[in-house]
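1. sequence below, structure please.
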Amino acid sequence: MSLSSQSDTSASKYKKILILTAGYGEGHNAAARALAAASEELSPGSSRVVDLFSIVSPKMNDIARKLYIHMINKTPKLWSAAYSWMDSSALLPKIIKTFKVEHETLLKIINKENPEVICSSYPVYSFLIENLRAQGKVTVPHFSIVTDSISINSLWWKAGADGWFVPNQDSAECMVLHGVPADKIHNLGFPVNPFFWRNTTNFTRTSLAHGATPKVLYIINSGTRFAEETATALLAEADWEITCAVGRDDVLKNKLIEKAKERLKPASILGWTNTIPELLMTHHVVLSKAGGATTQEAIAACCPMIVNQIVPGQEEGNYELLRRRDIGSLSQTPDAVIASLKHAFSNSGSVWEKWNSALKQISQPRAAYSIVKHLNSY
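-> Okay, the predicted model is just below:
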């Protein structure tokens, strides 16, 4: 399904969008890529994605990204403290003002690209843009894509913007409570890969009530606790089909391939894969940490989620969104994971059916297109 065939806006009217992102967490990049893909489908050549920080200082940016990943995986309490400091600090905006090279480089990019609207998926950009705006150097409208839910850091709104796109109504209400004008908050959803919207009718799950074999997808991220133990427990369940996506961990991949050889039901052990959207749309449940991109893609696919790990701060709100809707569970040990899945699949999947129905109430797979159309109507 292509929105371009449904749109009442001709390609010649689409504005050029400069999309700013950063590699600190997959959610920022996933949102930026999805928005650009939708924009390009609607009007080729209408968008450009830029990671300013990788341009200004590639080596330092790489070090900072690795430090971030190390903190969230190995020292979550330290990251929680850092996240809280960023949320409340009056010093951080002043520090950002001293980013001379970043301001100058961003201005050069804006002048070169000559966008009609700017959209950012990382909060630091709001400070840079508003600083440049105060100097009269940037005049085009700027919108911010909030990639977190509910537990939203104040950095997202402190600097200001012409508008904010939020992933759900709960997040909109959170921002209003913190003083963000309601008329500038747009609940259009998290921009996910256009694949989800184009294939809403192409992939279907057979209902468990009709005797379908439960299909479980386990996404293993770097730093995932009990990864091998949990995968082993899943593979020991003879009545389920199992898919494990282990990323670039070849050692774990080979171990799980060996463990899966004796199974009668199908099992797929994948390394790095770009088929996560399709997998989410064809499996009954996904097991993963509560990352922004994964959580929002699972919601778009209406695939209930068992959360096995939460990074303090930004990921707490992702799980809270599911908890409020009574979707999935928080199961942080292999035994708890298996118990949650058995509960979901029992009684011909009655619990799973409730989870799936609840997801349909908040799923917005068309979000990327909706945001592009809003940007073009501003």
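2. point to the helix or strand of this structure where mean pLDDT is at its lowest.
-> The helix or strand of the chain with the lowest confidence, counting by mean pLDDT, DSSP states H and E, is helix 58-74 at a mean of 90.
3. that one packs against which elements?
-> Where contact means 3 or more CB pairs under 8 Å, 6 or more residues apart in numbering; DSSP states H and E, helix 58-74 is packed against helix 52-56, helix 76-88. In short, each C-beta sits where N, CA and C put it, glycine included.
4. kindly export stretch 156-168 (C-alpha atoms) in PDB.
-> C-alpha atoms of stretch 156-168 as PDB (Å, rounded to 0.1, in the frame of the first residue of the first chain):
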ATOM      1  CA  TRP A 156      13.100  17.800  24.400                       C
ATOM      2  CA  TRP A 157      11.200  21.000  25.100                       C
ATOM      3  CA  LYS A 158      13.500  23.400  27.100                       C
ATOM      4  CA  ALA A 159      14.900  25.100  24.000                       C
ATOM      5  CA  GLY A 160      11.600  25.500  22.200                       C
ATOM      6  CA  ALA A 161      10.400  24.600  18.700                       C
ATOM      7  CA  ASP A 162       7.600  25.300  16.300                       C
ATOM      8  CA  GLY A 163       6.100  22.000  17.200                       C
ATOM      9  CA  TRP A 164       6.700  18.500  18.600                       C
ATOM     10  CA  PHE A 165       5.600  15.200  17.200                       C
ATOM     11  CA  VAL A 166       5.000  12.600  19.900                       C
ATOM     12  CA  PRO A 167       4.500   8.900  19.700                       C
ATOM     13  CA  ASN A 168       1.300   8.600  21.700                       C
END
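5. related to what we said a few turns ago, if you count neighbours, what's buried in the least confident helix or strand of the chain?
-> Counting neighbours by 16 or more other CB atoms under 10 Å, one finds that the buried residues in helix 58-74 are Asn61, Arg65, Ile69, Met71, Ile72, Asn73.
6. that one vs helix 76-88, what angle?
-> Helix 58-74 and helix 76-88 are oriented at 120 degrees to each other (axes from the mean of the first three to the mean of the last three CA atoms, to 10 degrees).
7. show residues contacting helix 58-74.
-> Contact partners of helix 58-74, identified using CB atoms under 8 Å, 6 or more residues apart in numbering, comprise Gly23, Tyr24, Gly25, Asp51, Phe53, Ser54, Leu78, Trp79, Ala82, Ser222, Gly223, Val311.
8. now do it: distance to the chain's middle.
-> 19 Å (CA atoms, centre = their mean, to the nearest Å).
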